[in-house]
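K.L.:
Sequence first, predicted model second:
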Amino acid sequence: MTHSKGSGRNLGRQWLCAALLYAAAAAAAHSALSAAVVLPPLTQPASGEHHVGKVVWADLVTPDLDGAKRFYGGLFGWTFRDVPGERNYALALLNGEPVAGMFQKALPASQSQQPAWLTFLAVQDVDAVQQAALQDGGKVLSKAHYYAHRGRQAVLADPDGAVFAVLAAEGGDPPDYLAAPGEWIWSSLLVADPKQETAFYKSLFGYDVYDLASDGGSEGDAQHYILSSDDYARAGLNALPADSMRRHPHWLNFVRVTDAVDTAKKAVALGGRVLVEPRLDRHGGHLAVVADPSGAPFGVMEWSDTDTKQEPQ
Amino acid sequence: MKHMPRTWKAGAVGLLALTSLAACVVGGYDGGGGVGYVGGFYEPGGYEYGGWGPGYRVGPPRGGVRGSGGRARPSIPHGQRGGGGHGGRPH
């Protein structure tokens, strides 16, 4: 029995040691994994420029990363690079340049949620903007977090509930230039009360707000505002269509295409859906809204290089 | 033999505690445990796109268009990539 008691104690100690070693190894391995996750900087080499309020990045949150790669690769010619150390996050590239991020996450079955593109707006001080958002009726959905090389970012919701992210990019923001086909060219915020929302966004980003209805705009310009900074239009702010019962305020980003009609057809062929049929918009080109196979909506928009200085009536 | 269960219990509690600690360390990026990637947000369902009538427009204005107040409507950047940083201003 003495032998049995001693061996029991030894066995217990062995288990405890094994547990300690296991836990230490697991912690070390996971720490190493987290440390190895490196998001590339927004600009390489660093731009050193800051364009507060500019849409500088977009992340797709999807339950099917491989399916998203097939869809967006087929539609826009994007290629993909997995982020080292992180199997759930991939970079989308156009001509070798990062154009978007794609993050895979299981879709909760119990809640009414949907995949979406998350819009990132440039700021210089994430924590200050986070605080201002709270004071102005917004919410902090994900507190500020720093990612090496990328910068500090947080996810917020405006008073209407539209979700967006803010990013203080470590190397600066991308310079302003006309987006090439396959790149993001425009963003629109669809909300219940655009006028109230302009105050929120102006407070956070210092936007100049241009009221299209006030300058003799045509039908459809009511409750349509342009948010601008550095003299550039950064985003549009529209009222949600009033006849919709199922609606939720949200940001909608547009990729520049050369032919919105063809792109919409191609999206369907690749497993997507057309949400808004191609239509002529104020700038003289067509735009359409489509959803990828997992249901994430985004827009496609034509934009001619030539400056017509005229809008269609 | 009497002390064996106590030792085992201590080992089990230690294992549980340290495994939990390890799990906490994991949470940073991979979307697990409710921490996840900062950008890993699904949005509330219920987008509705059926109500876009013919007058509903969301695109940016063209540059150069002046409103009744004489103020130019802001437009998107016009310059080409690599064309001098800021590219061309809206016309």
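P.N.:
Okay, I see it.
K.L.:
Where does pLDDT dip in chain B?
P.N.:
For chain B, the stretches flagged by pLDDT under 70 are B:1-38, B:46, B:64-70, B:82-91.
K.L.:
how about a cut-off of 90?
P.N.:
B:1-57, B:61-74, B:78-91 (pLDDT under 90).
K.L.:
just the stretch 201-313 of chain A next, same as before
P.N.:
A:211-224, A:240-248, A:282-284, A:304-313.
K.L.:
mind redoing it with 80?
P.N.:
Residue ranges of the stretch 201-313 of chain A with pLDDT under 80: A:213-222, A:242-247, A:305-313.
K.L.:
Do you have the strands of it handy? List them.
P.N.:
A:208-211, A:224-229, A:232-239, A:250-257, A:273-280, A:286-291, A:297-302 (DSSP state E, counting those that start in this stretch).
K.L.:
could I get those as a markdown table with distance to chain B and mean neighbour count?
P.N.:
In short, each C-beta sits where N, CA and C put it, glycine included. Listed next are the strands of the stretch 201-313 of chain A as a markdown table, based on distance: least, Cβ to the nearest Cβ, whole Å; neighbours: other Cβ atoms under 10 Å in any protein chain shown:
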| stretch | distance to chain B | mean neighbour count |
| --- | --- | --- |
| strand A:208-211 | 6 | 19 |
| strand A:224-229 | 4 | 22 |
| strand A:232-239 | 4 | 24 |
| strand A:250-257 | 6 | 24 |
| strand A:273-280 | 4 | 18 |
| strand A:286-291 | 5 | 24 |
| strand A:297-302 | 6 | 25 |
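K.L.:
May I see those arranged in JSON lines, with distance to residue A:68 as well?
P.N.:
Formatted as JSON lines, the strands of the stretch 201-313 of chain A follow (distance: least, Cβ to Cβ, whole Å):
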{"stretch": "strand A:208-211", "distance to residue A:68": "34"}
{"stretch": "strand A:224-229", "distance to residue A:68": "28"}
{"stretch": "strand A:232-239", "distance to residue A:68": "24"}
{"stretch": "strand A:250-257", "distance to residue A:68": "14"}
{"stretch": "strand A:273-280", "distance to residue A:68": "15"}
{"stretch": "strand A:286-291", "distance to residue A:68": "12"}
{"stretch": "strand A:297-302", "distance to residue A:68": "11"}
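K.L.:
Which among those is found nearest to residue B:60?
P.N.:
Closest of the strands of the stretch 201-313 of chain A to residue B:60 is strand A:232-239, at 4.7 Å (criterion: Cβ to Cβ).
K.L.:
From the rest of the structure, what touches that closest one?
P.N.:
For strand A:232-239, the surrounding residues in contact (Cβ atoms under 8 Å, 6 or more residues apart in numbering or on different chains) are A:53-55, A:176, A:186-194, A:197-198, A:201, A:207, A:210, A:222-228, A:251, B:56, B:58-61, B:73-77, B:90.
K.L.:
Hey, what's the angle from that strand to strand A:224-229? Just curious.
P.N.:
150 degrees (axes from the mean of the first three to the mean of the last three Cα atoms, to 10 degrees).
K.L.:
and the angle for strand A:232-239 with strand A:250-257?
P.N.:
Counting by the same axes, to 10 degrees, strand A:232-239 points 130 degrees away from the direction of strand A:250-257.
K.L.:
Now do the contacts for the closest residue to residue A:114 other than its chain neighbours.
P.N.:
Using Cβ to Cβ, 6 or more residues apart in numbering or on different chains and skipping residues adjacent in sequence, the residue nearest residue A:114 is residue B:45, 4.5 Å away. The contact partners of residue B:45, by Cβ under 8 Å, 6+ apart, come to A:112, A:113, A:114, A:248.
K.L.:
Identify each buried residue in stretch A:117-125, please.
P.N.:
Neighbour-count burial for stretch A:117-125 flags A:117, A:118, A:119, A:120, A:121, A:122, A:123 (criterion: 16 or more other Cβ atoms under 10 Å in any protein chain shown).
K.L.:
One more: stretch A:55-69?
P.N.:
Buried, per 16+ other Cβ under 10 Å, within stretch A:55-69: A:55-65, A:67-69.
K.L.:
near chain B at all, that stretch?
P.N.:
Yes: against chain B, stretch A:55-69 shows contacts by Cβ under 8 Å from any Cβ of the partner chain at A:59, A:61.
K.L.:
sorry, back to before: near chain B, list only the ones from the buried residues of stretch A:117-125.
P.N.:
A:118, A:120.
K.L.:
name the element the spatially most central residue of chain A belongs to?
P.N.:
Geometric centre of chain A, nearest residue: residue A:118, 2.5 Å, by Cα atoms, centre = their mean. Assigned by DSSP states H and E, residue A:118 belongs to strand A:116-122.
K.L.:
and that strand, what does it pack onto?
P.N.:
Applying 3 or more Cβ pairs under 8 Å, 6 or more residues apart in numbering or on different chains; DSSP states H and E, one finds that strand A:116-122 contacts strand A:55-62, strand A:163-169, strand A:250-257, strand A:297-302.
K.L.:
try 7 Å this time
P.N.:
strand A:55-62, strand A:163-169, strand A:250-257 (3 or more Cβ pairs under 7 Å, 6 or more residues apart in numbering or on different chains; DSSP states H and E).
K.L.:
Which one of those strands lies nearest to residue A:41?
P.N.:
Of these, nearest to residue A:41 by Cβ to Cβ is strand A:163-169, at 6.9 Å.
K.L.:
Does the closest one reach chain B?
P.N.:
Yes: under the criterion of Cβ under 7 Å from any Cβ of the partner chain, chain B is reached by strand A:163-169 at A:163, A:165.
K.L.:
Just after that strand, pick out the following helix or strand.
P.N.:
Of the helices and strands lying after strand A:163-169 in sequence (DSSP H and E), the nearest is strand A:184-191.
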